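**Student:** Test case, fold it:
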Amino acid sequence: MAKPIHKLALTMIVGLCVAPTAHADDVSAGKAKAAPCAACHGEDGNSTNPAYPILAGQTARYIYTELRDFKSGRRKDPFMTPMAKNLSKQDMWDLGNYFAAQKPKPTGFTPEAGMVERGRKVVEDALCTMCHLGGFSGQNEVPRVAGQHQQYIYKQLMAFKNGERTNFPDMTSYVKSIPEKDIKAISEYIANLN
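**Tutor:** Below you'll find the predicted structure:
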């Protein structure tokens, strides 16, 4: 009798592990739902305003997680919190799948002299690629930040440092001891990656 119970438990565990990716990867459903997002993030997720992040090429799981956090109040933003309030779980997955399927475009960012090399050294010392991967391509719930707007990267890193953004406690721990000048260098290094 124990064997069927073990099989059932294993089936349930496997089902829970794959549930987030079991949602339909219907990009067209996400495209239809992304119309309100275009005002800030661009029609294809390539924001041209450095105050708003580029969503194109982001992982679907990261977008889903952030929308869920905005909806629950775990992450706060005067624009995004109300936008996420009425989204269903399927809406969040559809949006995540849509933006993940889009191609990020270069921002045209030009870093200050010496900042890219300084940022590269700080990133190596902080072991940022353990989570964000080489080239800062991101994985699962960890965002792709390569080629993101420098201003946005800087703002988010400072929000983690100052405890204003708390939905990723590991980031708060990592960034807390990094001086602001080095945070600027990190943001310039990452923004310069394509």
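
**Student:** the helices in this structure, which residues?
**Tutor:** Remark: helices assigned in the chain by DSSP state H are 2-18, 27-33, 38-41, 60-72, 80-85, 89-100, 115-126, 129-132, 150-161, 169-176, 180-191.

**Student:** In contact with E141, which residues?
**Tutor:** 59, 61-62, 65 (Cβ atoms under 8 Å, 6 or more residues apart in numbering). All C-beta spots, glycine's among them, are computed from the backbone N, C-alpha and C.

**Student:** which one is it nearest to, not counting chain neighbours?
**Tutor:** Nearest residue to E141, sequence neighbours excluded (Cβ to Cβ, 6 or more residues apart in numbering): T65, at 4.8 Å.

**Student:** swap in D77?
**Tutor:** Going by Cβ to Cβ, 6+ apart, D77 has F70 as its nearest residue, at 6.4 Å.

**Student:** just checking, that neighbour touches M80?
**Tutor:** Yes. With contact defined as Cβ atoms under 8 Å, F70 reaches M80; the gap is 4.6 Å.

**Student:** So for those two, which residue has more residues nearby?
**Tutor:** Each of F70 and M80 has its neighbours counted (other Cβ atoms under 10 Å); F70 has more, 22 against 18.

**Student:** And that one, how far from P53?
**Tutor:** 13 Å (Cβ to Cβ, to the nearest Å).

**Student:** what does E141 give?
**Tutor:** According to Cβ to Cβ, E141 and P53 sit 15 Å apart.

**Student:** Would you map out the domains in the protein?
**Tutor:** Domain ranges of the chain: 24-100, 115-191, per automatic domain parsing.

**Student:** So which of these is nearest T107?
**Tutor:** Of all the domains of the chain, it is domain 115-191 that lies closest to T107, at 5.9 Å by Cβ to Cβ.

**Student:** coming back round to it: against F79, how distant is the residue nearest to D77?
**Tutor:** F70 is 9 Å from F79, by Cβ to Cβ.

**Student:** Tell me the buried residues in stretch 138-148?
**Tutor:** 138, 142-148 (16 or more other Cβ atoms under 10 Å).

**Student:** low pLDDT regions in this structure?
**Tutor:** Applying pLDDT under 70 to the chain flags residues 1-25.

**Student:** can you rerun that using 80?
**Tutor:** 1-26 (pLDDT under 80).

**Student:** Centre-most residue in it?
**Tutor:** Nearest to the mean C-alpha position of the chain, by Cα atoms, centre = their mean, lies P143 at 3.3 Å.

**Student:** Report the spatially closest residue to it, excluding sequence-adjacent ones.
**Tutor:** Y62 (4.8 Å).

**Student:** what about the one you found, neighbour count?
**Tutor:** By other Cβ under 10 Å, neighbour count at Y62 equals 20.

**Student:** Then the one 4 residues further on?
**Tutor:** Other residues within reach of E66, judged by other Cβ under 10 Å, total 24.

**Student:** Distance check, it against E141.
**Tutor:** For E66 relative to E141 (Cβ to Cβ), the value is 9 Å.

**Student:** How about N167?
**Tutor:** When N167 is compared with E141 (using Cβ to Cβ), they lie 10 Å apart.
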